[in-house]
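Student: dropping a prediction and its sequence here:
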Amino acid sequence: MPVAIAVVGGKKSGKTTAIEILTKELTQRGYKIAAVKHIPEPNFTIDTEGKDTWRYAQSGAKIVVGVSADEMATIEKKEYANVSLNDILRRCGDVDVVFLEGFRNLVVRNKTIYKIVVVKSAKEGEEELGIFDPILAFTGPCEFRSSEKRIPYVDLKRNPEKLADLVEKIVIEKTAA
């Protein structure tokens with residue numbers, strides 16, 4: 001099973017950018033990465049109305065696979081409330097790290113999932129500190145440093161290798177166990 005790292009924070013805090021930077025850094029080190037994004041908008045679909053794959057789903061197909069010259073996409077029709085974190089991780093295949101963007105309700109109380117918290121303000125950092133555990137690091141536009149816990153702040157744009165080192169340490173520890 002891959003190491004799962006949740007990247008959490010408020011809207012427009014920089015979660016996607018954090019995952020992009022970490023993915024690039026860890027991929028350069030030879031790790032296989034999966035990224036999973038929670039899309040909370042109701043009635044969102046990755047499929048396009050009227051296209052063949054959409055028509056298959058409308059006719060009752062629970063799984064639709066689209067294959068093109070450069071990619072393959074699987075669309076599985078399923079209620080989000082019935083999806084577990086293990087379901088998500090299994091679908092990621094043979095990778096070393098899975099970055100989860102969002103999924104607040106699935107990861108908030110899960111102590112096996114490290115969280116990277118992206119914060120825009122010190123107030124937000126203090127609030128998140130009381131919600132998430134364990135926190136691997138803080139990052140984002142606000143240089144938040146926890147006074148009560150020794151959780152590092154890493155400026156991902158200046159020092160992406162520092163946060164990648166923390167993630168890599170977890171991967172190595174899990175592989176050795």
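Tutor: Good, I have the coordinates.

Student: C-alpha from now on. contacts and neighbour counts both.
Tutor: Noted.

Student: buried residues in the longest helix seen in the chain?
Tutor: Using DSSP state H to define each element, the chain has its longest helix at helix 160-176. Neighbour-count burial for helix 160-176 flags 160, 161, 162, 163, 164, 167, 168, 170, 171 (criterion: 16 or more other CA atoms under 10 Å).

Student: redo those as a markdown table? Include pLDDT and distance to residue 79.
Tutor: Shown next, in a markdown table, are these (pLDDT from 0 to 100; distance: CA to CA, whole Å):
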| residue | pLDDT | distance to residue 79 |
| --- | --- | --- |
| 160 | 94 | 36 |
| 161 | 95 | 38 |
| 162 | 96 | 38 |
| 163 | 95 | 34 |
| 164 | 96 | 34 |
| 167 | 96 | 31 |
| 168 | 95 | 33 |
| 170 | 94 | 32 |
| 171 | 92 | 31 |
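
Student: which secondary structure element contains the closest residue to residue 19 other than its chain neighbours?
Tutor: Spatially, and ignoring its direct neighbours in sequence, residue 19 is nearest to residue 99 (6.9 Å; CA to CA, 6 or more residues apart in numbering). Residue 99 is located in strand 97-101, with elements delineated by DSSP states H and E.

Student: quick one: the residue nearest to residue 19 and residue 165, what's the gap?
Tutor: 15 Å (CA to CA, to the nearest Å).

Student: swap in residue 150?
Tutor: Distance from residue 150 to residue 165, by CA to CA: 17 Å.

Student: just the angle between the longest strand along the chain and strand 97-101, please?
Tutor: Criterion DSSP state E: the longest strand present in the chain is strand 3-9. Using axes from the mean of the first three to the mean of the last three CA atoms, to 10 degrees, one finds that strand 3-9 and strand 97-101 are set 20 degrees apart in direction.

Student: rounded mean pLDDT for the very next helix or strand once past strand 3-9, please.
Tutor: Using DSSP H and E, the helix or strand that follows strand 3-9 in sequence is helix 15-28. For helix 15-28, the mean per-residue pLDDT is 96.
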